[in-house]
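> Sequence first, then the predicted structure, then my questions.
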Amino acid sequence: MSNYGNLQKIIDGKRTYGITPHIPGGFITPENLEKIARVTKKYNGVLKITSGQRILITNLNEEDLKEIWKELDMEPAVKEQNSVKNVEICPAGFCKRSKYNTIGIGMKLSKKYQWMPMPCRTKIGVAGCRNACGGVYSKDVGVIADVKGFRVVVGGSAGFNPRIADVIALDIEEKEAVILVDSIFEYYKENAIPGEKLGFFIDRIGIDNFKNEVLKLSKNKE
């Protein structure tokens with residue numbers, strides 16, 4: 001990685017790079033959207049909407065990356081691989097199906113955990129109803145609003161070894177959900193093997209053991 005740019009292609013010896021600015025929860029201002037478009041056009045880039053609610057600017061030359069970041073004046077979405085890479089948030093407050101406006105809790109989690117070092121790459125999903133838009137059950141940690149409160153799920157992955165997340169709490173309050181997420185990451189960081197995805201860590205120690213330990217940590221934080 002150079003200037004937070006990832007090598008995308010090598011064609012006839014020519015290397016092209018891609019960068020991904022940080023767009024919290026996929027919500028972007030018109031001004032930033034216009035700026036991304038303007039800079040991309042200037043440097044002959046190509047725009048790609050990603051599955052992670054971000055915008056990839058690709059087909060860039062390595063020597064232009066430093067100036068591109070300067071003109072964008074935005075943070076990179078990923079600063080190191082083994083970290084919280086993003087917090088995906090559904091439209092919630094703008095959706096007729098939502099049971100709770102989870103944009104607020106999603107942004108709180110984004111501000112607290114984005115870029116935080118982890119044993120392995122980690123994603124968080126937040127949804128305002130059990131439709132769980134954004135693939136929350138495929139995220140390492142998920143918070144889902146329901147009629148009677150929040151459910152928290154862990155261990156999901158949509159990668160090379162797909163795994164559906166396990167439910168570890170039902171019908172809890174927002175404050176409890178935030179504390180539980182904090183306990184999940186605390187236990188994961190202290191006990192996982194470097195490079196071990198959260199889902200693999202859970203499979204290694206057992207979901208019941210994992211659940212008991214993080215709930216114990218959460219109780220001590222209340």
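Done, it's in.

> tell me, what residue is most central in this structure?
Asn86 (2.3 Å; CA atoms, centre = their mean).

> residue contacts, that residue?
Applying CB atoms under 8 Å, 6 or more residues apart in numbering to Asn86 gives the contacts Gly52, Gln53, Arg54, Ala77, Val78, Gln114, Lys123, Ile124. Backbone N, C-alpha and C define where each C-beta goes, glycine included.

> Could you find the closest non-adjacent residue to Phe195?
Careful, residue 195 is Gly; it's not Phe. Cys120 (5.5 Å; CB to CB, 6 or more residues apart in numbering).

> what helix or strand is the residue nearest to the centre of the chain on?
Assigned by DSSP states H and E, Asn86 belongs to strand 84-89.

> That strand pairs with which strands?
Pairing partners of strand 84-89, with direction, according to DSSP bridges: strand 122-127 (parallel).

> partners of the helix or strand just after the strand it pairs with in the sheet?
Once strand 122-127 ends, the next helix or strand along the chain (criterion: DSSP H and E) is strand 141-146. When pairs are called by DSSP bridges, strand 141-146 turns out to pair with strand 122-127 (parallel), strand 149-154 (antiparallel).

> Which parts of stretch 34-45 count as buried, going by neighbours?
Residues of stretch 34-45 classed as buried under the neighbour-count rule (16 or more other CB atoms under 10 Å) are Lys35, Ile36, Val39, Thr40, Tyr43, Gly45.

> And that stretch, how far out from the chain middle?
Here stretch 34-45 is found 25 Å from its chain centre; the criterion is CA atoms, centre = their mean, to the nearest Å.

> pLDDT of the strand holding Asn86, averaged?
Strand 84-89 shows a mean pLDDT of 96.

> From Gly135, how far out is the residue nearest to Tyr43 when sequence neighbours are not counted?
Sequence neighbours aside, Asp64 is the residue nearest to Tyr43 in space, at 5.3 Å (criterion: CB to CB, 6+ apart). From Asp64 over to Gly135 the distance is 33 Å, taken as CB to CB, to the nearest Å.

> Spell out, range by range, the strands that occur in this protein.
With DSSP state E, the ranges of strands along the chain come out as 6-11, 14-19, 46-49, 55-60, 84-89, 122-127, 141-146, 149-154, 166-172.

> between the ones you listed, which one is nearest to Glu31?
Ranking the strands of the chain by proximity to Glu31 (CB to CB) places strand 55-60 first, at 14.1 Å.

> between the helix ranked longest in the chain and strand 141-146, how many degrees?
The residue-count maximum for a helix in the chain (DSSP state H) belongs to helix 174-191. For helix 174-191 against strand 141-146, the angle by axes from the mean of the first three to the mean of the last three CA atoms, to 10 degrees is 160 degrees.

> I'm done for today, thanks for sticking with me.
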